[in-house]
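Asks: Please work out how this folds:
(one chain, ligands or ions: 1)
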Amino acid sequence: MSEKMRTLTEPFKIKMVEPLKMTTEAYRKEALEKAGYNPFLLRSDDVFIDLLTDSGTGAMSDKQWSGIMLGDESYAGARSWVHLEKVVKDLTGMEFILPTHQGRAAERILYSILGGSDKTFISNTHFDTTRANIEYTGAQAIDIVCREAEDVEADSPFKGNIDLEKLVQIIEEKGAENIAAVVMTVTNNSSGGQPVSMENMKAVRKICDKYHVMMVIDGCRIAENSFFVQQREANFSDKSCKEIAQEMLNLGDAFVMSAKKDGMVNMGGLLTVKDEALSVKCKNLLIISEGFTTYGGLSGRDMEALAIGLVEVFDEDYLNYRIKSTTYLGQKLKEKGIPVVWPIGGHAVYIDAKKLYNQIPVDQYPGQALVIDLYIQGGIRSVEVGSVMFGKYDSAGKLIPAANELVRLAIPRRVYTQSHIDYVLDIFDDILEMKDQKKGYEITYEPEFLRHFTANFKPIK
Ligand SMILES: *Cc1c(COP(=O)(O)O)cnc(C)c1O
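Replies: Numbering: from 1, shown residues only. Presented below is the predicted three-dimensional model:
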């Protein structure tokens with residue numbers, strides 16, 4: 001289509017609609033108070049634009065919904081499994097494919113085999129469920145994201161990369177035989193959805209070959225990452241995103257995927273490995289805990305929809321729209337003077353709430369204050385990624401804050417239109433007007449673990 005700057009348009013039209021409830025500010029204030037000022041405790045019916053997560057919240061296409069009807073529910077060797085296996089083999093180049101009910105099930109199976117108390121895993125950044133599954137086996141999980149990622153506002157194309165020097169250093173220090181695997185998270189979710197370059201992946205492969213260490217790719221956003229490689233890395237502009245993904249996944253010894261992201265389905269996961277002996281161990285655990293090897297906790301219809309989703313996600317028009325739509329939101333916020341993590345990643349925009357609400361001290365949770373204001377002002381649900389999520393207490397009960405006080409706006413796939421995104425931008429105009437009068441929050445209830453999900457808050461007067 002035309003190269004002129006035009007309104008960003010969705011490369012799809014809408015065949016089925018899901019009504020959204022319009023609410024008033026007074027209604028939302030009451031709903032939030034009842035939810036203890038924690039948007040995780042809201043009913044989704046009371047949310048207008050839900051940017052809590054991009055995980056499992058996407059919209060399926062007409063083809064996928066047709067696939068649901070074609071799903072084969074046979075216990076063993078189902079047609080839908082044969083279809084899914086073929087698509088995943090073609091994408092990964094790996095021989096042994098296992099379906100799981102979501103990403104963390106694939107992680108639990110693989111890492112409980114590779115892990116153990118004397119083992120170390122090294123990653124650009126372990127995602128929370130990855131770290132949890134590794135640490136549960138007694139192993140250690142070390143994050144070594146590249147130096148460029150330290151400055152959240154500095155422009156750099158591949159801030160999801162791993163620090164190669166540190167990688168070699170840690171392998172030598174710990175001894176290669178004690179390294180269970182290098183886990184490359186693509187895109188790097190916990191580091192702002194930032195991409196990883198092919199160059200970095202190839203360098204990791206070389207290091208893993210030299211030391212005989214296994215390389216695992218946690219690739220639940222592999223299609224989004226491929227688009228960034230095509231756009232930003234030399235010598236990839238002529239390749240299709242699918243070809244780039246194939247090249248990258250071929251570098252790994254194993255691949256784990258939460259299909260709730262780039263699988264374009266609401267539930268599902270994958271585990272694929274190259275080594276036959278490892279695949280046998282994985283299959284044993286799969287059968288004990290998830291299901292037989294040709295369904296692994298998924299219905300036939302789920303596998304059918306996933307097989308179609310994994311093809312659709314590599315549509316270049318879709319990926320162009322997907323990444324540009326996320327960038328559009330981030331760029332416009334930046335133009336308004338809202339401090340955002342830069343450059344904008346693939347699936348989400350992160351706002352620096354400590355900078356935006358600089359009058360609110362970190363122990364009064366500026367990120368939570370912004371999350372609350374976005375809901376009351378516009379019915380927008382977002383999530384705090386700061387001291388509510390990662391804060392700890394010292395022995396005197398004083399808060400040890402997180403490194404950053406961020407708020408994440410995650411964009412579900414194919415769900416909201418450009419006018420919804422423009423509405424979100426309008427609400428930020430209101431936030432900017434009121435920001436100097438905003439006050440912080442205190443925690444009135446918190447559980448021992450993962451407090452951000454269920455904590456209650458109260459406004460500080
Ligand atoms: C979502 C996610 C997972 C876990 O997947 P689930 O399907 O939620 O269990 C693992 N790794 C990364 C990078 C993720 O984003």
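
Asks: Please count neighbours and contacts with C-alpha atoms only from this point.
Replies: Noted.

Asks: Would you mind naming the helix or strand containing Ala181?
Replies: If you go by DSSP states H and E, Ala181 is part of strand 179-185.

Asks: Name every strand pairing with that strand and say which way it goes.
Replies: The sheet places strand 179-185 alongside strand 120-123 (parallel), strand 215-218 (parallel), with pairing taken from DSSP bridges.

Asks: Next secondary structure after that strand?
Replies: Next along the chain from strand 179-185, counting by DSSP H and E, comes helix 198-211.

Asks: Just the C-alpha atoms of that following helix, please, in PDB.
Replies: Provided in PDB are the C-alpha atoms of helix 198-211 (Å, rounded to 0.1, in the frame of the first residue of the first chain):
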ATOM      1  CA  MET A 198      20.300 -12.900  15.100                       C
ATOM      2  CA  GLU A 199      24.000 -11.900  15.600                       C
ATOM      3  CA  ASN A 200      23.600 -12.300  19.300                       C
ATOM      4  CA  MET A 201      21.800 -15.600  19.000                       C
ATOM      5  CA  LYS A 202      24.600 -16.900  16.600                       C
ATOM      6  CA  ALA A 203      27.300 -15.800  19.000                       C
ATOM      7  CA  VAL A 204      25.500 -17.600  21.900                       C
ATOM      8  CA  ARG A 205      25.300 -20.700  19.700                       C
ATOM      9  CA  LYS A 206      29.100 -20.500  19.100                       C
ATOM     10  CA  ILE A 207      29.800 -20.200  22.800                       C
ATOM     11  CA  CYS A 208      27.500 -23.100  23.600                       C
ATOM     12  CA  ASP A 209      29.200 -25.200  21.000                       C
ATOM     13  CA  LYS A 210      32.700 -24.300  22.300                       C
ATOM     14  CA  TYR A 211      31.700 -25.300  25.900                       C
END
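
Asks: what's it packed up against?
Replies: Counting by 3 or more CA pairs under 8 Å, 6 or more residues apart in numbering; DSSP states H and E, the packing neighbours recorded for helix 198-211 are helix 164-174, strand 215-218.

Asks: Kindly list the main-chain dihedrals of Thr285?
Replies: Small correction: residue 285 is Leu, not Thr. Main-chain dihedrals, Leu285, degrees, to the nearest 10: phi -70, psi -40.

Asks: Make JSON lines from the strands paired with strand 179-185 and add distance to Gly71 to it.
Replies: Below are the strands paired with strand 179-185 laid out as JSON lines (distance: least, CA to CA, whole Å):
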{"stretch": "strand 120-123", "distance to Gly71": "37"}
{"stretch": "strand 215-218", "distance to Gly71": "27"}
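
Asks: Let me know which of those is the nearest to the ligand.
Replies: Among those, the nearest to the ligand by CA to the nearest ligand atom is strand 215-218 (5.9 Å).

Asks: Any residues of the stretch 101-250 of the chain in contact with the ligand? List them.
Replies: 102-104, 127, 129-130, 185, 189, 218, 220 (CA under 6 Å from any ligand atom).

Asks: let's go with 5 Å and repeat that
Replies: 102-104 (CA under 5 Å from any ligand atom).

Asks: Show the low-confidence segments of the stretch 201-350 of the chain, by residue range.
Replies: Filtered on pLDDT under 70, the stretch 201-350 of the chain yields no residues whatsoever.

Asks: residue ranges of the helices in it, please?
Replies: With helices called from DSSP state H, counting those that start in this stretch, the stretch 201-350 of the chain shows them at 222-232, 241-249, 276-289, 300-312, 316-336.

Asks: Would you format those as TSV with mean neighbour count included?
Replies: What follows is the helices of the stretch 201-350 of the chain, written out as TSV (neighbours: other CA atoms under 10 Å):
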stretch	mean neighbour count
helix 222-232	25
helix 241-249	21
helix 276-289	16
helix 300-312	24
helix 316-336	18
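
Asks: Those helices: which one's closest to Leu98?
Replies: helix 276-289 (7.4 Å; CA to CA).

Asks: picking up where we left off before, is it possible to get TSV of the helices of the stretch 201-350 of the chain that adds distance to Leu450?
Replies: As requested, those are exported to TSV (distance: least, CA to CA, whole Å):
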stretch	distance to Leu450
helix 222-232	27
helix 241-249	32
helix 276-289	25
helix 300-312	30
helix 316-336	28
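
Asks: Mind checking the ones you listed for the one nearest to Gln368?
Replies: helix 316-336 (18.6 Å).

Asks: Serialize the residues of the stretch 101-250 of the chain next to the ligand to a markdown table and add fields for secondary structure.
Replies: Formatted as a markdown table, those follow (DSSP: H, G, I helix; E, B strand; the rest coil):
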| residue | secondary structure |
| --- | --- |
| Gln102 | coil |
| Gly103 | helix |
| Arg104 | helix |
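
Asks: who wins for neighbours among those?
Replies: For these, the largest neighbour count, defined by other CA atoms under 10 Å, is 25 neighbours, found at Gly103.
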